[in-house]
Each structure stands twice: as C-alpha cells, then as structure tokens.
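Asker: the sequence isn't on hand, but the structure is:
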C-alpha cells in the first residue's frame, strides 16, 4: 500500500538538488512500482522452488501466486514480508508497505 503517495511524493527542490527533473522522477518511481511485483513474485517462487507458471498475475503494484497452503509456505511468506518492509524502509526510506492475503481453494474438479 502507499503506491500513489510514493509516486507523487516528489519535491521539486529535492529533485533539482539531485540533478533530476520532476517528470523523470515520476517516470522512475512509476517504473519501480511496475517492476517490483514481478521481481518479488519471482523471488518468492525461487525461494520455494516453484516454477514461474505459479504467477497468476503481476502488475500495478500487485501480484498473485498459486502456492500450497502449508505452514512452511506461510512461515516463509511471513518472514519475507517482514524482511522486505524493513529493507525498503532502511535502504530507500520508502513509505511503501506490503499487504498480503490468501484464499484457500479446493482440489475438486
């Protein structure tokens, strides 16, 4: 969450001090938000040893994965969420946060 605030929180003074322009900064932040879900979803699947075909959707700052409903997966996702939030805040001072949810599906045909 916080994507809109992150993209549009561009101070003209700060941007010009760094030698960028406001439009370039906006495009850069928009690109960051568009590529982040793809990278994160692939990282999670790689960590769990699942193929890329388990990505159902990735875009617009969101992604959906098809994963088993096991305690191991839940623990890995919980740790990942905490590590990522901490990393984004410490390294980039970003106000982005991770919101997750899950839906259980049955195996019936």
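Answerer: All right, it came through fine. Please read these numbers as outputs of a predicted model, since none were measured by experiment. Numbers count the residues shown, from 1 in each chain.
Asker: closest to the centroid, which residue in this protein?
Answerer: Ranked by distance to the mean C-alpha position of the chain (C-alpha atoms, centre = their mean), the top residue is residue 37 at 4.3 Å.
Asker: out of the helices and strands in this protein, which is least certain?
Answerer: Within the chain, judged by mean pLDDT, DSSP states H and E, the helix or strand with the poorest mean is helix 12-18; its value is a mean of 63.
Asker: residues contacting stretch 33-49, please?
Answerer: By C-beta atoms under 8 Å, 6 or more residues apart in numbering, the list of residues contacting stretch 33-49 from outside reads 3, 6-7, 51-52, 54-55, 58-63, 65, 67, 73, 76-77, 80, 84. For the C-beta atoms, the positions are set from N, CA and C on the backbone; glycine is no exception.
Asker: can I have the buried ones of these as a ChimeraX selection?
Answerer: Those of the contacts of stretch 33-49 that count as buried under 16 or more other C-beta atoms under 10 Å are selected in ChimeraX with:
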select :3,6,7,55,58,61,63,65,67,73,77,80,84
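Asker: ok, then the element right after the lengthiest helix in the chain?
Answerer: When every helix of the chain is counted residue by residue (DSSP state H), the longest turns out to be helix 22-48. Moving toward the C-terminus from helix 22-48, the first helix or strand encountered (DSSP states H and E) is strand 55-59.
Asker: thanks a lot, see you next time.
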